[in-house]
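1. mind looking at a prediction? Sequence and model below.
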Amino acid sequence: AQSVTQLDSQVPVFEEAPVELRCNYSSSVSVYLFWYVQYPNQGLQLLLKYLSGSTLVKGINGFEAEFNKSQTSFHLRKPSVHISDTAEYFCAVSGSISNFGNEKLTFGTGTRLTIIP
Amino acid sequence: GAVVSQHPSRVICKSGTSVKIECRSLDFQATTMFWYRQFPKQSLMLMATSNEGSKATYEQGVEKDKFLINHASLTLSTLTVTSAHPEDSSFYICSARSTGGRVIQYFGAGTRLSVL
């Protein structure tokens, strides 16, 4: 089984400032990691994913995240935020393909990012 | 990219009625679809995993007779909330995973159910 912790429920950031949204996970098996964004009254859109290879992954809308196995973290970052980045962000984990049966997504509780003009 | 269509986006119904929500993968075939429920300001909770041509697998605590899931084809899964009550009011979201890949889930836009 896996679990995800997003320590910050709300993060206010001034426009054009950098932001980091924290995500830590726990798992007894190798994992895949994801960040999703949810705009009000909408479903989830995949921002980026880590499956294997380079630990620094780049996603859409200028976001990137770094997989740190030793710290079991997958923090999301953006160097300069825009008003349109205001949304809810969810970190999620699933077991890897080699761990068949552990492929369900487990979500964190979400971080509300609010961009201040 | 992969598109998942969910319909309706919003439904209001009277207590005791049944409501059907459709989830369609528009440009790919989905062997597996998932149904989630999301309460206000909370995360997504997996309700059930739907596999084409077989019975859905429900998560602990989810009533299978209350939330009927049918996955009759590789592009369509339906969730029927039977005899809905106000406590069933919630945001329901489906996702689909393609037959070619078992990794990424693509999400629908969600359905806001309000039971009066």
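-> Nice, thanks for sending it over. On a predicted model such as this, the values are computed, not experimentally measured, just so you know.
2. isn't A:F34 up against A:L46?
-> Yes - A:F34 is in contact with A:L46 according to CB atoms under 8 Å; the separation is 6.6 Å. In this view, the C-beta of every residue, glycine as well, is placed from N, C-alpha and C.
3. which strand residues bridge A:R112?
-> Under DSSP bridges, the beta-bridge partners of A:R112 are A:Q10, A:E88.
4. neighbour count: A:F34 and A:L46, which is higher?
-> A direct count of neighbours by other CB atoms under 10 Å in any protein chain shown for A:F34 and A:L46 places A:F34 higher, at 28 against 18.
5. skip the chain neighbours and tell me the closest residue to A:L48.
-> A:G59 (2.7 Å; CB to CB, 6 or more residues apart in numbering or on different chains).
6. list the residues that contact that neighbour.
-> A:W35, A:L46, A:L47, A:L48, A:K49, A:A65 (CB atoms under 8 Å, 6 or more residues apart in numbering or on different chains).
7. help me confirm that the fourth one is found in a strand?
-> Yes - the assignment for A:L48 by DSSP: H, G, I helix; E, B strand; the rest coil puts it in a strand.
8. all strands for the chain, in order.
-> Reading this off chain A. Ranges of strands in chain A, per DSSP state E, are A:2-5, A:10-14, A:19-21, A:24-27, A:31-38, A:44-50, A:56-58, A:64-68, A:73-78, A:87-95, A:106-107, A:111-116.
9. wait, I meant chain B there
-> B:4-7, B:10-13, B:19-25, B:30-38, B:44-51, B:57-58, B:67-73, B:76-81, B:90-98, B:106-107, B:111-115.
10. ok, the residue of chain B found nearest chain A - contacts?
-> Residue nearest to chain A within chain B (CB to the nearest CB): B:F107, separated by 4.0 Å. Applying CB under 8 Å, 6+ apart, we find B:F107 in contact with A:Y36, A:G43, A:L44, A:Q45, B:V4, B:I93, B:C94, B:S95.
11. returning to that earlier point: next, give me the two most distant ones among the contacts of A:G59.
-> Farthest-apart pair in these is A:L46 and A:A65; separation 12.0 Å (CB to CB).
12. what is in contact with these two at once?
-> With CB under 8 Å, 6+ apart as the test, A:L46 and A:A65 both reach A:W35, A:G59.
13. what ranges in chain B fall below the confidence cut-off?
-> The model of chain B has pLDDT under 70 over residues B:1, B:100-102.
14. near chain A, which residues of it are found?
-> B:4, B:6, B:34, B:42-44, B:46, B:49, B:91, B:93, B:95, B:102-110, B:112 (CB under 8 Å from any CB of the partner chain).
15. how near is A:H82 to A:A17?
-> Using CB to CB, to the nearest Å, we find A:H82 at a distance of 11 Å from A:A17.
16. ugh, wrong one, A:L56
-> Distance from A:L56 to A:A17, by CB to CB: 21 Å.
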